[in-house]
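Engineer: Next comes the sequence, and after it the predicted model I'd like to discuss.
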Amino acid sequence: MGDIYDVLAEKIGVSNSKHLPPIFEFATTPRQARILEALNPPPQPAQTAKELAQKLSLDEEDVAADLEDLFRKGLAFPRKFDDRSEWRYGKSIMQLHDAMLTGWRHYPDSQRLFDLWKTYDTNEGYPNYARAFEGIENAVMRIIPAWQSVTDNPNLKPWEDWREILRGRKLSVVDCPCRLEIAACDRPVGVCIDFERTAEYDVASGHGREITYEEALEIMRSSAASGLVHTAINSINVNLMCNCCNDCCIEFLTLKAVDIPFSRHYAKSRYEARINHENCDGCQNCIENCNFDALSMVKVAGSRKLKAQADPEACFGCGSCFMACDSNAISMECVRPATHVPGAE
């Protein structure tokens, strides 16, 4: 059976891996591994349990039960979530990473799952992900500020206002796969909000739960208050978002591991933090909340206390510092045109 786990790793796009095959071995029974080996990856046609059973000379009911188990574990994906009659293999290593980890409740030893993925990412994953990052010319993701930090700004557009981005959509929340795996900080875990079809997947698989608009806004508020950064696809059409930290996020850690500037992958928001030294009480909460090392304490003329200072070059405009400031010393100033975001006019 050892070779079959190598085949499964190669099918997901990772060849000659030492650390990915053990993840498949841990997550599947020998029969389930055979089913995964026989499944077509997209865009090839999806297959039914009957077709797989005939191909593998197995009982159709056993195959159907295994597919449901693999679905809950984040290893097999139905074409339709309601009837789940046709199935495919995963489309990418990142999809597999997120689906398996958000499905942690369906594993008898979830900590073993986290440890196996951490071993893979630390030794092989980050360099592999980085090669994909390096081949992309423009930033894939963009920072969207905490909505409370820009709520009164006259320049605010609907596609950078979470109150509008989330409105009227089917929403779900799942545990952050990165924070489950790395566990390097004590920030909230249940903060990854998905939209539409991905939200349907979360509910159908048991990985997450459907949430209301009001719940989503509260998750965004508490995330930003804890120092998490709101990120989304670098477009006015937001169909993917994360609440990230530089301690655990797979993308942050990949960029740091191979020394790729954050700006190669993340576009800054249109805003920058500004500090009012008269109001600043020197508490340093903003520094603790900043994931970009954009804040420091400086000597200000006429003050015995050190005051916070924002570096405009390092600031990505996330608004986390605003959320941590109790003295009303921080504001977010719009410094870039709307056309800074792809798709805006």
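Structural biologist: Received, thanks. Residues are numbered from 1 along each chain as shown.

Engineer: In the helix or strand containing Asp3, which residues are buried?
Structural biologist: Asp3 is part of helix 2-11, with elements assigned from DSSP states H and E. Using 16 or more other C-beta atoms under 10 Å as the burial criterion, the residues of helix 2-11 that qualify are 4-6, 8-9, 11. Yep, even glycine has a C-beta here, placed from its N, CA and C like the rest.

Engineer: try stretch 110-119
Structural biologist: Within stretch 110-119, judged by 16+ other C-beta under 10 Å, the buried ones are 113-114, 116-119.

Engineer: do stretch 320-336 as well
Structural biologist: Quick answer for stretch 320-336 (16+ other C-beta under 10 Å): 320-325, 329-332, 334-335.

Engineer: In helices, which of the residues you listed fall?
Structural biologist: 320-324 (DSSP state H).

Engineer: Mind putting those into JSON lines with pLDDT and distance to Val191?
Structural biologist: Below are those laid out as JSON lines (pLDDT from 0 to 100; distance: C-beta to C-beta, whole Å):
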{"residue": "Ser320", "pLDDT": "94", "distance to Val191": "13"}
{"residue": "Cys321", "pLDDT": "95", "distance to Val191": "19"}
{"residue": "Phe322", "pLDDT": "96", "distance to Val191": "18"}
{"residue": "Met323", "pLDDT": "95", "distance to Val191": "14"}
{"residue": "Ala324", "pLDDT": "94", "distance to Val191": "17"}
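
Engineer: For Gly103, what are phi and psi?
Structural biologist: phi -90, psi 20 (degrees, to the nearest 10).

Engineer: could we number from 30 for the rest of this?
Structural biologist: All right, first residue 30 from here; so that's Gly132.

Engineer: Just after the helix holding Asp32, pick out the following helix or strand.
Structural biologist: Assigned by DSSP H and E, the successor of helix 31-40 is helix 50-56.

Engineer: got a list of contacts for that next one?
Structural biologist: The contact list for helix 50-56 (C-beta atoms under 8 Å, 6 or more residues apart in numbering) reads 30-31, 34-35, 37-38, 62, 65, 102, 104, 129, 136, 141-142, 145-146, 149.

Engineer: now with 10 Å?
Structural biologist: 30-41, 43, 46, 61-62, 65-66, 98-99, 102-104, 125-126, 129, 132, 135-136, 138, 141-142, 144-146, 148-149 (C-beta atoms under 10 Å, 6 or more residues apart in numbering).

Engineer: tell me what the lowest-mean-pLDDT helix or strand in the chain is packed against?
Structural biologist: Sorting the helices and strands of the chain by mean pLDDT, DSSP states H and E puts helix 155-163 at the bottom, at a mean of 80. For helix 155-163, the elements it packs on are helix 122-131, helix 279-286, judged by 3 or more C-beta pairs under 10 Å, 6 or more residues apart in numbering; DSSP states H and E.
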